[in-house]
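Colleague: Model the following, please.
(chains A and B)
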Amino acid sequence: MTYRSSRSALRRLGLAAALLALSMSAAGEDAREFTAAELGRIAAHGPWPLPWTPDPGNRVSGNAAAIWLGHQLFFDRRLSANGRVACATCHDPDLGFQDGRATGRGLATGVRNTPGLLNVRHQRWFGWDGGHDNLWSASLRPILDPSEMGGSAQRTASVLRNDKALACHYGQAFGKRPHASDPELLVNVAKAIAAWQETLVSPASPFDRFRDALARQDARATVAYPVAAQRGLRLFLGRGQCATCHAGPMFTNGEFGDTGMPFFVKPNGVDPGRQGGIKRLLANPHNLLGPYNDDVTRNNATGTKFLRPEHRNFGEFKVPTLRNLPVTAPYMHNGSLATLRDVVRHYSELDEDRLHADGERILKPLKLSEEEIDDLVAFLKSLSPTIQMPVLAKPATLSACIADEPNARKPNDRQSR
Amino acid sequence: MPSALKSASPLIQPVRPRPPIARLVAILAALAGALSALPAASAADPKLPIFDAHVHYSHDAWESTPPKAAIAILRKAGLKRAMVSSSSDEGTQKLYAEAPDLVVPSLRPYRKRGEISSWVRDETIIPHLEERLKKYRYAAIGEFHVYGSDADLPVVRRAVQLAKHYRLWLHLHGDTDAIERVLVQDPEARILWAHSGFDRPETVRTMLKKHSKLYADLAFRNDHASGGKVDPAWRVAFMEFPDRFLVGTDTFTPERWYYIAEHADWSRAWLADLPPDVAERIGWRNGETLFASMMAGRQ
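Modeller: Reported below is the predicted structural model:
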């Protein structure tokens, strides 16, 4: 098993931040003034980080033993059919838990860009098509998917049973040892992996500091924010209307849209996007309507309950968060746009004919100048942190687990962080 | 009372003693009546033909899905016929040449994509329409987009005149104001209202009641049915005007050609929630009656 410190997770973000810092020196000379309406809209993109709450659908959300177990399993290649693919193969910590490829490559090459995992706890739907309504279900699928890890419940159980540390932490997290016949084993493993992913929260970005400085009317602190990023922010909020979909502290409304991106899949087919995702989700026994949802109130399943595929969903893909973009290139659902400049240019030169006349009315070609494109890119880069991600607690050792066993937390215990 | 409602209404009569044979006949008749009142089992059959009244085959579609492949998609979807328009018209002609039994051509006033908003003020559209109409046969002019007072602009007026001259339908994507203005220009104009104007069923009913030659397609809308069940307000509209609605996919991007089969199945599912005769009319018979027969007459 490979343990990789998340210290490196934002190393590449640091490079972008360094470039950003170079441009900051001029910022103080030309700090722009925002209107009251703009200030209100800027404030709505924070504060950051968001308060962390456990996932009610995952009884080990926030459980230290589960987090430890999930952390180990995330990097464990033994779960895959050929023993060579782990979750981290495609979700590389050095790349914001993405892989830098246009489309993911596990046991085979897929058709979609691998989504990054930073701040994943705050997402509503999972996957470009929202084919999952919870993180543990989204974490389970790749383990079994023949084109990704190609694993099985038996293989997973075997790994857990034959690894004393894993078995110990599984026992601590779930109150029982792993058994091959346990139909919940895979779900529990996925819940542990989800519990670990929920800890991946990126630090505050230059934008966050600017936003906070504005909120507390600290003019001196605001001047550190580059002028180009400020101009880009104004475009983002105003003419671009980007914030309509890329809303709130996560810079996404969590929903889906058709932004005119082609969605053919070679050789002869299409990626149905959200339309297929809804169908997949409703058919999935691991959705929040199913028996594995740990929220006895089922309040967390309301969104799923009323979900029905609509024609407009065909070719819609998730509105992604805009945080941490410099390390998660390439972009869009199929990774077809290599750079942030390409992405901005896509919206600048939008092909309206690809949008239904009564559909995405908000999308219009922005017709941006080169300078405006630079500004928007500067703003987007400012949504990434300039400091390294805090190092996660050092994983417990087997002896620590065993020593802790007499005082093992009950499965439903949650730890706050 | 609408005719469809009349036929489905139970007949309440005083009960009188009957001879055995008459009683048997009465029982069989009652059984037949009860069966006909049930949701249309035959409409749920995946083989229910579909007349897809809203298909586009523009240049990017024929580049990615050549005519033979496109026709294969239509046939596999179980379409009886499809009314096709494209930007440019070349796409429609390519498809019509490939399968004249399947394709009902409609002339779009767009020479290329991107003229959706500009065509109403572009007078070079007029000779384009005139030349194509002289050269090829069509069932309609459209689908075109026009809203409000734009319908009174010279280019739109000329399109309405040409439709009258060639006795063609207008496949109009627009609001009620545009519909009204076109019908002032030509009270006899036959209009297929694309997407039923994305209007509420009550408004659609009002318009259909007011204009006897107005028909409506249901393309790219979901509000009339969900999970195979017809929305109550829409049910009233369908039962009141079973001869005035058609279904359609709207392949506004080339990828949507791969949605035609699924859309046909989705349509079959909600049509099965209507009486069989209504389901068949909306599913395909209206299209056949209004458009396909018209093309046959011209051949």
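
Colleague: At the contact with chain A, which residues of the stretch 1-150 of chain B appear?
Modeller: B:58, B:64, B:69, B:87, B:113-114, B:116, B:145 (C-beta under 8 Å from any C-beta of the partner chain). Any C-beta I mention is one placed from the backbone N, CA and C, and that applies to glycine too.

Colleague: Quick one: which of those has the lowest pLDDT value?
Modeller: Least confident entry in the residues of the stretch 1-150 of chain B next to chain A, by pLDDT: residue B:113, with 75.

Colleague: Tell me which residue of chain A lies closest to chain B.
Modeller: residue A:353 (3.8 Å; C-beta to the nearest C-beta).

Colleague: list the contacts for the closest residue to that residue other than its chain neighbours?
Modeller: Take residue A:353 and drop its neighbours on the chain: the residue closest to it by C-beta to C-beta, 6 or more residues apart in numbering or on different chains is residue B:113, 3.8 Å away. When contacts are counted by C-beta atoms under 8 Å, 6 or more residues apart in numbering or on different chains, residue B:113 is found next to A:351, A:353, B:58-60, B:87.

Colleague: quick one: secondary structure of residue B:113?
Modeller: Here residue B:113 is coil, with the state taken from DSSP: H, G, I helix; E, B strand; the rest coil.

Colleague: Can you tell me how far it is from residue A:260?
Modeller: 12 Å (C-beta to C-beta, to the nearest Å).

Colleague: how does chain A divide up, domain by domain?
Modeller: Domain segmentation of chain A under automatic domain parsing yields A:28-52+A:202-381, A:64-200+A:392-407.

Colleague: contacting residues around the residue of chain A closest to chain B?
Modeller: Contact analysis of residue A:353 by C-beta under 8 Å, 6+ apart lists B:58, B:87, B:113-114, B:116, B:252.

Colleague: List only buried entries from the residues you listed.
Modeller: Buried members of the contacts of residue A:353, scored by 16 or more other C-beta atoms under 10 Å in any protein chain shown, are B:58, B:87, B:113, B:116, B:252.

Colleague: nearest to residue A:113, of those residues?
Modeller: residue B:252 (24.6 Å; C-beta to C-beta).

Colleague: does that closest one count as helix, strand or coil?
Modeller: Per three-state DSSP, residue B:252 ends up coil.

Colleague: Phi and psi next, for residue B:56.
Modeller: Per-residue torsions, residue B:56: phi -110, psi 150 (degrees, to the nearest 10).

Colleague: Who are the contact partners of it?
Modeller: B:84-87, B:91, B:108, B:143, B:250-252.

Colleague: cool, and residue B:106?
Modeller: B:83-85, B:92, B:138-143, B:169, B:171.

Colleague: so it sits in a strand?
Modeller: Yes - under three-state DSSP, residue B:106 falls within a strand.

Colleague: Which positions in chain A make contact with chain B?
Modeller: A:262-264, A:268-270, A:272, A:275, A:308, A:310-312, A:314-315, A:351-354, A:356-358.

Colleague: Put the alpha carbons of stretch B:77-86 into CSV.
Modeller: Taking Å, rounded to 0.1, in the frame of the first residue of the first chain, the C-alpha atoms of stretch B:77-86 are listed here in CSV:
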residue,chain,number,x,y,z
ALA,B,77,-36.9,4.0,-33.9
GLY,B,78,-40.0,2.7,-35.6
LEU,B,79,-41.0,6.0,-37.2
LYS,B,80,-43.6,5.9,-39.8
ARG,B,81,-42.5,9.2,-41.1
ALA,B,82,-40.5,12.3,-40.1
MET,B,83,-41.0,15.8,-41.1
VAL,B,84,-37.5,17.1,-41.7
SER,B,85,-36.1,20.6,-42.1
SER,B,86,-32.5,21.7,-42.1
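
Colleague: So which residues of the chain form strands?
Modeller: Reading this off chain A. Using DSSP state E, the strands of chain A run over A:256-257, A:264-265, A:269-270, A:317-318.

Colleague: switch to chain B, that's the one I care about
Modeller: B:50-56, B:79-85, B:103-107, B:140-146, B:169-174, B:191-193, B:214-217, B:225-226, B:229-230, B:245-246.

Colleague: ok so, going back, among the buried ones among the contacts of residue A:353, which pair sits farthest apart?
Modeller: B:58 and B:116, at 11.3 Å, using C-beta to C-beta across the buried ones among the contacts of residue A:353.

Colleague: hang on, the earlier thing: show me which pair in the contacts of residue B:56 is furthest apart.
Modeller: B:91 and B:250 (14.8 Å).

Colleague: between those two, which one's more packed in?
Modeller: Legend: neighbour count by other C-beta atoms under 10 Å in any protein chain shown for residue B:91 and residue B:250, higher for residue B:250 (27 against 23).

Colleague: buried sites along stretch A:220-238?
Modeller: A:222-237.

Colleague: What's the mean pLDDT across that stretch?
Modeller: 95.

Colleague: Count residues in the vicinity of the nearest residue to residue B:242 once chain neighbours are set aside, would you?
Modeller: Nearest residue to residue B:242, sequence neighbours excluded (C-beta to C-beta, 6+ apart): residue B:278, at 4.4 Å. The local packing of residue B:278 (other C-beta under 10 Å) involves 25 other residues.
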